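# Attaching a predicted model along with its sequence, questions to come.
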Amino acid sequence: MVILENVYKIYNEGTPQAFEALKSIDLKIAEGETVILNGVSGSGKSTLLSLIAALDKPSSGKITVGGELISKLPDLHASAYRAKTIGVIFQHFNLLEALSVEENVMAPLINSRLDMATIERRVMKSMALAAISHKREGEVKALSGGEKQRCAIARALVHEPQLILCDEPTANLDRANSLKFIEILQSLYEMGKTIIVATHDPLFEGLSFVNKVIHMEDGKIVKREE
Ligand SMILES: Nc1ncnc2c1ncn2[C@@H]1O[C@H](COP(=O)(O)OP(=O)(O)OP(=O)(O)O)[C@@H](O)[C@H]1O
């Protein structure tokens, strides 16, 4: 599903501030696998996720996702690729605070060509998956941190992406909400989604549904556990 071949990312390339954030990354993730990207702050985890999401381009090397070469996609195609394939969950939720949970979850489908009944069905399904249906009419600004994150998860799932990317998803959550998040992740795994989580949260260690743990250091993969 996701293949990276000899990927490099150099920020500020060709300037005195040039910085190699990723070096010679080779990685294969099969459809339906859950992969943990581990490593201290600055090791390159977010950079790797942003390349897989086609939010940024590698300086060299090749990235294919679902057979599509995404490392050189023009911007317009990159956003279409994200809308079709990728669900992203960040530590900051980027929700519209004055709107309800349901409105936030629906937002990515507003300009889609789906009919209203299909949109409503998908919104209900995503909210149920993310365990936030009980707050559907509540304004986001009145939600707790854990509930906001579950609203963000529902929004990330509403277009039914095959690939879920999570960047430090539990960084702002307490232990109970982090465990709840892991439960949701496991149900996504059981649905056959491909999941990549960048985290240094020890709660992700030893989870039964994790297929690979990739350790990063200084822009390189230094250890793989499979
Ligand atoms: N836009 C940018 N311009 C220049 N350097 C950058 C840029 N983005 C990231 N970097 C540098 O690249 C390195 C890797 O950053 P990255 O955010 O991928 O690490 P990370 O492992 O995800 O860290 P964290 O856990 O803190 O998010 C860091 O040294 C960072 O300072």
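Nice, thanks for sending it over.
# give me the beta-bridge partners of residue 9?
Per DSSP bridges, the residues bridged to residue 9 are residue 22.
# Tell me how far the most centrally placed residue in the chain lies from residue 144.
Taking C-alpha atoms, centre = their mean, the centroid of the chain lies closest to residue 165, which sits 1.7 Å from it. Taking C-beta to C-beta, to the nearest Å as the measure, residue 165 falls 24 Å from residue 144. Just so you know, the C-beta spots here come from the backbone N, C-alpha and C atoms, and that holds for glycine as well.
# before we move on, the earlier item: pLDDT value on the residue nearest to the centre of the chain, please?
In this model, residue 165 is scored at 97, pLDDT.
# quick one, strands of this protein?
2-11, 19-29, 34-38, 60-65, 68-69, 86-90, 163-167, 194-198, 212-217, 220-225 (DSSP state E).
# List the contacts of the residue nearest to the centre of the chain.
Contacts for residue 165 (C-beta atoms under 8 Å, 6 or more residues apart in numbering) come out as 49, 52, 53, 86, 87, 88, 89, 196.
# switch to 6 Å and redo it
49, 53, 88, 196 (C-beta atoms under 6 Å, 6 or more residues apart in numbering).
# Pick the one among the residues you listed closest to the ligand.
residue 49 (7.7 Å; C-beta to the nearest ligand atom).
# isn't the closest one right up against residue 168?
No. Counting by C-beta atoms under 6 Å, residue 49 does not reach residue 168; the two are 10.0 Å apart.
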